[in-house]
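Novice: Need the 3D shape of this:
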Amino acid sequence: MNSTLLLIVILGLPLAAAPPAQDPDMTCGQENGRAWHDMDSPTKVGFILGLRATMAHLAIRGVVDLEQRHRYLVDQLTFGETARAVDRFYETPENMPIPILWAMEVIANRGGGADATTIERMTAFFRTRPTACAQPVDEPPTQTAGPVHAPDDEQPGRTDSLF
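Specialist: Sure, this is the predicted structure:
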């Protein structure tokens, strides 16, 4: 019996020393493009609706300014249009490890009028960020004036211009 127990311990030691397997659907503790890809359309829309509701709730409680929703959401897009823009973002395989919230930040900046160079710099920053999740967060390159939103009386561009 002791030799069997010893054999189990010896064979099990490498398993105990092995680092835990990483979930490929998670990056920095957040769902990424792989998780997004596995969601059906109603779940994607629900994710976006949940983000908007969370931002509103946090604003009511004084935790964030409601205008911070523009960091992740484009008011002129429906939830379905936003979901399709995220789908297009993740069509580039290199973007799959980027967390969904970070992808939505890129899309919001694009929808807010950021130029192509800024969008590419943000995306490149987010592609390299997952390798350093435990380090302090540097702000990604964004527009200096924040997202630009068209006045209500103008017809804003649709998702055709987003990715």
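Novice: Spit out the contact partners of Pro24.
Specialist: By C-beta atoms under 8 Å, 6 or more residues apart in numbering, the contact set of Pro24 is Arg34. (Each C-beta comes from the backbone N, C-alpha and C, glycine too.)
Novice: now it: how far from Asp115?
Specialist: Distance, Pro24 to Asp115, using C-beta to C-beta, to the nearest Å: 33 Å.
Novice: cool, and Ile98?
Specialist: Distance, Ile98 to Asp115, by C-beta to C-beta: 20 Å.
Novice: higher neighbour count, these two?
Specialist: Under the neighbour definition other C-beta atoms under 10 Å, Ile98 and Asp115 were set side by side, and Ile98 has more, 26 against 11.
Novice: shouldn't that one be in contact with Thr27?
Specialist: Yes. Look at Ile98 against Thr27 with C-beta atoms under 8 Å: they come within range, at 6.8 Å.
Novice: Does the closest residue to Met39 other than its chain neighbours belong to a helix, a strand or coil?
Specialist: Among residues not flanking Met39 along the chain, Phe47 sits closest, at 7.0 Å (C-beta to C-beta, 6 or more residues apart in numbering). Put simply, Phe47 is helix when judged by DSSP: H, G, I helix; E, B strand; the rest coil.
Novice: could you pull out the strands for the protein?
Specialist: Assigned by DSSP state E, the chain shows strands spanning 26-27, 30-31.
Novice: Can you tell me which of those strands is most buried?
Specialist: Most buried of these by mean neighbour count (mean count of other C-beta atoms under 10 Å) is strand 26-27; its value is a mean of 20.
Novice: Name the strands paired with that strand and say parallel or antiparallel.
Specialist: Using DSSP bridges, the strands paired with strand 26-27 are strand 30-31 (antiparallel).
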